[in-house]
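In: below is the structure, and that's it, no one-letter string:
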Ligand SMILES: NC(=O)C1=CN([C@@H]2O[C@H](COP(=O)(O)OP(=O)(O)OC[C@H]3O[C@@H](n4cnc5c(N)ncnc54)[C@H](OP(=O)(O)O)[C@@H]3O)[C@@H](O)[C@H]2O)C=CC1
Ligand SMILES: N[C@@H](CCC(=O)N[C@@H](CSSC[C@H](NC(=O)CC[C@H](N)C(=O)O)C(=O)NCC(=O)O)C(=O)NCC(=O)O)C(=O)O
């Protein structure tokens with residue numbers, strides 16, 4: 001038994017101990033299982049590279065990630081023994097008579113993160129199962145990496161980046177660049193682009209397998225099915241586990257209209273062999289507008305049909321209006337208040353889409369190559385054996401019901417990510433996975449995900465990023481708010497020729513001066529919003545923002561230079577001055 005950096009060590013595990021240089025000082029730590037990370041402060045004293053298990057467990061720094069590379073000064077092998085305290089009264093990783101401490105079903109972002117944290121940080125004996133690799137998922141196909149890596153965030157972002165070159169090619173002319181030869185802008189070689197994208201997905205699938213392997217997680221390919229509270233089957237082979245984690249994600253859902261089988265989901269639209277000439281999209285959420293923008297940027301004729309007056313329901317209303325106008329300016333054909341009724345295929349292979357607006361007026365759109373149903377996603381709870389194990393699911397959404405620690409009503413069964421009805425974002429699934437591992441294996445009972453001020457971005461053209469409350473939500477919750485806005489033409493557009501505008505908005509709770517909502521539309525807004533999210537999470541006030549010196553010239557500087565409110569909204573009556581509250585009378589008007 002030995003004590004090291006606040007962690008109690010016992011039991012046998014092999015780790016590689018090495019020394020690495022960080023800011024001139026030599027640190028000493030252990031690698032390969034990440035075991036020496038303290039359960040209370042997992043990465044204290046580690047360099048950024050080592051603290052990121054993507055890098056430290058698999059040597060991924062060589063694979064092109066941007067973490068600062070570790071310099072291996074010296075490597076020796078040592079044997080240490082590890083025990084993590086049991087958490088939340090729920091679990092320990094003394095597997096007793098079970099095959100595993102943890103068996104995870106689903107190797108997507110949440111499942112991979114939870115499994116490798118439990119194994120490498122807390123020494124748990126972990127196995128995971130996942131369906132065979134495919135770019136388009138089904139009941140039988142999936143692959144390590146899951147939706148985000150193989151069929152969502154990552155391939156989507158590659159296509160977003162690819163599409164955005166069209167603006168740069170055009171703008172470059174304004175900055176003096178000239179085309180060679182016939183004067184035409186570059187054209188996309190779609191097949192070559194898809195080939196490169198597909199190769200990258202295969203590489204990432206391999207990276208995720210290695211990631212699990214490096215953390216000591218056993219990988220089983222096949223469909224997992226729960227038999228009872230501690231037993232599951234993977235393609236007929238039985239295993240027992242002290243804890244079972246369900247991280248099987250969600251699947252695109254299509255409206256049940258006539259001809260719906262002729263439509264595509266986001267899985268297939270990421271994997272088209274040919275660039276479509278004409279594309280129809282149903283819905284106006286994240287997926288609808290991201291793909292509408294991608295294909296619009298690549299030159300397709302894109303039509304978006306949605307049942308609201310404005311796209312992106314749930315976002316700040318002023319931003320929705322701004323986005324609507326910018327989309328139209330960029331040539332998206334927007335069809336508000338239109339719901340689809342039927343899709344049919346003609347002899348020429350082209351599709352026809354029938355839609356009706358709120359007044360019942362029908363529109364027929366012909367000559368479509370593909371119809372994308374971007375009408376939301378449903379949790380993958382079918383054929384998992386949940387009923388047999390007695391796991392409760394929400395009737396309306398089909399999602400697994402969990403408590404604040406991600407535990408189901410069956411104490412040994414847990415669920416994270418999109419299979420639960422929380423926030424369907426990869427970083428949220430990662431947070432849930434890490435909180436679960438800390439709680440169940442890391443001795444941090446009480447570790448739970450924090451859903452306050454989760455930032456997100458719609459990677460459309462233009463993009464939109466937000467953190468905190470919308471103006472409408474802020475008014476309802478706080479009553480008294482000050483709203484600051486700024487709209488401008490990004491410098492790239494001034495002589496580049498683009499017509500698009502950027503928009504930025506701060507919402508301040510006027511009673512406390514806290515910034516409670518930040519929204520931005522325009523280039524780099526996702527990158528900028530990540531920093532603003534830190535400030536909002538830390539409770540930044542408007543006065544504190546005003547003390548920050550801007551970086552000039554940048555779009556981001558607008559967030560620290562907005563001086564006059566665009567409007568001050570007061571729902572609560574101003575406090576009455578009474579003799580008992582003389583100090584109120586002395587409060588000067590708030591300076592901005
Ligand atoms: N960049 C990111 O972070 C991304 C995140 N995601 C995540 O994935 C989730 C799923 O995305 P997405 O599929 O776009 O889902 P969303 O819930 O964002 O949007 C669904 C769209 O379908 C419409 N819709 C639903 N039912 C019907 C119906 N019966 N008739 C007509 N229209 C209908 C909705 O309309 P209405 O608004 O009227 O309900 C809405 O426009 C998102 O919520 C997000 O969490 C996905 C992609 C990117
Ligand atoms: N911020 C980078 C993200 C790139 C990135 O993280 N790529 C991932 C793949 S997709 S991203 C998939 C997602 N990873 C993350 O979200 C990592 C995000 C952050 N760095 C963190 O550590 O929290 C995930 O599924 N995580 C599960 C887990 O970490 O257990 C990767 O593994 N790259 C290796 C390589 O390129 O060789 C960018 O935009 O360029």
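Out: That came through, no problem. In this text the structure is predicted, and so the values were computed from the model without any measurement. Ligands and ions are numbered 1, 2, ... in the order given.
In: show me which residues of this protein are close to ligand 1?
Out: Contact residues, the chain versus ligand 1 (Cβ under 6 Å from any ligand atom): 255, 283-288, 290, 306-308, 313, 339, 374-377, 424-425, 456-459. In short, each C-beta sits where N, CA and C put it, glycine included.
In: of these, buried ones?
Out: If you count burial by 16 or more other Cβ atoms under 10 Å, the buried members of the residues of the chain next to ligand 1 come out as 283-288, 290, 306-307, 374-377, 424-425, 456-459.
In: wait, what's in contact with residue 347?
Out: Going by Cβ atoms under 8 Å, 6 or more residues apart in numbering, residue 347 touches no other residue.
In: Provide the secondary structure category for it.
Out: Of the three states, residue 347 takes coil under DSSP: H, G, I helix; E, B strand; the rest coil.
In: how close does it get to ligand 2?
Out: Distance of residue 347 to ligand 2, given as Cβ to the nearest ligand atom, to the nearest Å: 42 Å.
In: remind me which residues of the stretch 451-592 of the chain are low pLDDT?
Out: By pLDDT under 70, the weakly predicted segments of the stretch 451-592 of the chain are 572-592.
In: what do you get if the cut-off is 50, keeping everything else the same?
Out: Where the stretch 451-592 of the chain drops to pLDDT under 50, the residues are 581-589, 591.
In: for it, just list every one of the strands.
Out: 456-458, 464-468, 480-488, 502-509, 514-521, 567-570 (DSSP state E, counting those that start in this stretch).
In: columns distance to ligand 2 on top of these, output as JSON lines?
Out: Below are the strands of the stretch 451-592 of the chain laid out as JSON lines (distance: least, Cβ to the nearest ligand atom, whole Å):
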{"stretch": "strand 456-458", "distance to ligand 2": "11"}
{"stretch": "strand 464-468", "distance to ligand 2": "14"}
{"stretch": "strand 480-488", "distance to ligand 2": "26"}
{"stretch": "strand 502-509", "distance to ligand 2": "21"}
{"stretch": "strand 514-521", "distance to ligand 2": "18"}
{"stretch": "strand 567-570", "distance to ligand 2": "36"}
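In: surely residue 421 meets residue 394?
Out: Yes - using Cβ atoms under 8 Å, residue 421 is in contact with residue 394, at 5.9 Å.
In: buried sites along stretch 257-264?
Out: For stretch 257-264, by 16+ other Cβ under 10 Å, it's 257, 259-260, 262-264.
In: ditto for stretch 435-452
Out: 435-445, 447-449.
In: again with stretch 418-430
Out: Here stretch 418-430 shows 418-422, 424-426, 428-430 as buried, counting by 16+ other Cβ under 10 Å.
In: just the endpoints, please. Distance across stretch 275-287?
Out: By Cα to Cα, to the nearest Å, the extent of stretch 275-287 from end to end equals 18 Å.
In: and the contacts of it?
Out: With Cβ under 8 Å, 6+ apart as the test, stretch 275-287 has contacts from 188, 190, 252, 255, 263, 266, 288, 291-292, 295, 298-306, 308, 310-313, 340, 351, 353, 365, 367-376, 458.
In: ok, of the residues you listed, which come out buried?
Out: 252, 263, 266, 288, 291-292, 295, 298, 300-306, 310-312, 340, 351, 353, 365, 368-376, 458.
In: export the buried residues of stretch 418-430 to TSV and tack on distance to ligand 2 and secondary structure?
Out: Below are the buried residues of stretch 418-430 laid out as TSV (distance: Cβ to the nearest ligand atom, whole Å; DSSP: H, G, I helix; E, B strand; the rest coil):
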residue	distance to ligand 2	secondary structure
418	12	helix
419	15	helix
420	17	strand
421	20	coil
422	17	coil
424	14	coil
425	10	coil
426	5	helix
428	11	helix
429	8	helix
430	5	helix
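In: for the stretch 151-300 of the chain, what spans make up the strands?
Out: Here the stretch 151-300 of the chain has its strands, by DSSP E, counting those that start in this stretch, at 218-221, 224-228, 231-234, 237-246, 250-252, 278-282.
In: up against ligand 2, what does the stretch 101-250 of the chain have?
Out: 109, 112-113, 116, 148-149, 154, 204, 207.
In: which among these gets closest to ligand 1?
Out: Nearest to ligand 1 among those, counting by Cβ to the nearest ligand atom, is residue 148 at 9.3 Å.
In: burial measure for residue 133, as a count.
Out: 19 (other Cβ atoms under 10 Å).
In: apart from its neighbours in sequence, what residue is nearest it?
Out: Excluding its sequence neighbours, the residue lying closest to residue 133 (Cβ to Cβ, 6 or more residues apart in numbering) is residue 143, at 3.4 Å.
In: please apply the same query to residue 533.
Out: residue 455 (3.9 Å).
In: ok, now which ones touch the one you found?
Out: 465-467, 529-530, 532-533.
In: show me the two of those that sit farthest apart.
Out: Greatest spatial distance in the contacts of residue 455: 466 and 530, 11.7 Å, computed using Cβ to Cβ.
In: more neighbours: which of those two?
Out: Between residue 466 and residue 530, counted using other Cβ under 10 Å, the more crowded position is residue 466 (25 against 13).
In: what's around the closest residue to residue 495 other than its chain neighbours, how many residues?
Out: Leaving aside its sequence neighbours, residue 495 sits nearest to residue 174 (Cβ to Cβ, 6+ apart; 4.6 Å). By other Cβ under 10 Å, the residues close to residue 174 number 14.
In: give the contact list for residue 370.
Out: Contacts of residue 370 by Cβ under 8 Å, 6+ apart are 263-264, 268-269, 272, 276, 279-280, 351.
In: what separates it from residue 166, distance-wise?
Out: 20 Å (Cβ to Cβ, to the nearest Å).
In: now swap in residue 362 and tell me
Out: Residue 362 is 34 Å from residue 166, by Cβ to Cβ.
In: which one's more surrounded, these two?
Out: residue 166 (17 against 11).
In: how long is stretch 221-229 from one end to the other?
Out: Using Cα to Cα, first and last residues of stretch 221-229 are 21 Å apart.
In: report the buried residues of that stretch.
Out: So for stretch 221-229, counting by 16+ other Cβ under 10 Å, buried means 221, 223-226, 229.
In: does residue 510 touch residue 484 like I think?
Out: No - Residue 510 lies out of contact with residue 484 (Cβ under 8 Å); the separation is 11.4 Å.
In: what is the burial count for the residue in the stretch 201-350 of the chain that ligand 2 sits nearest to?
Out: Here the stretch 201-350 of the chain gets closest to ligand 2 at one residue, residue 207, 4.9 Å apart by Cβ to the nearest ligand atom. Residue 207 is flanked by 18 other residues according to other Cβ under 10 Å.
In: likewise residue 417?
Out: For residue 417, using other Cβ under 10 Å, the count is 34.
In: quick check, pLDDT for it.
Out: What the model reports for residue 417 is a pLDDT of 98.
In: who are the neighbours in contact with it?
Out: 106, 108-111, 247, 249, 428-429, 432-433.
In: residue 127 is in what secondary structure piece?
Out: Assessed by DSSP states H and E, residue 127 sits inside strand 126-130.
In: who touches that strand?
Out: 99-107, 111-112, 115-116, 118-119, 142-144, 146, 212, 215-224, 234, 239, 241.
In: just the buried members of those?
Out: So, by 16+ other Cβ under 10 Å, the buried ones in the contacts of strand 126-130 are 99-107, 111-112, 115-116, 118-119, 142-144, 146, 212, 215-218, 220-221, 223-224, 234, 239, 241.
In: restricted to helices, list these.
Out: Secondary structure defined by DSSP state H assigns 111-112, 115-116, 146, 212 of those to helices.
In: low-confidence stretches in this protein?
Out: In the chain, residues with pLDDT under 50: 1-90, 92, 581-589, 591.
In: what do you get if the cut-off is 90, keeping everything else the same?
Out: 1-96, 180-185, 445, 492-493, 497-499, 571-592 (pLDDT under 90).
In: what sits against residue 357?
Out: Here residue 357 is in contact with 337-339, 363 (criterion: Cβ under 8 Å, 6+ apart).
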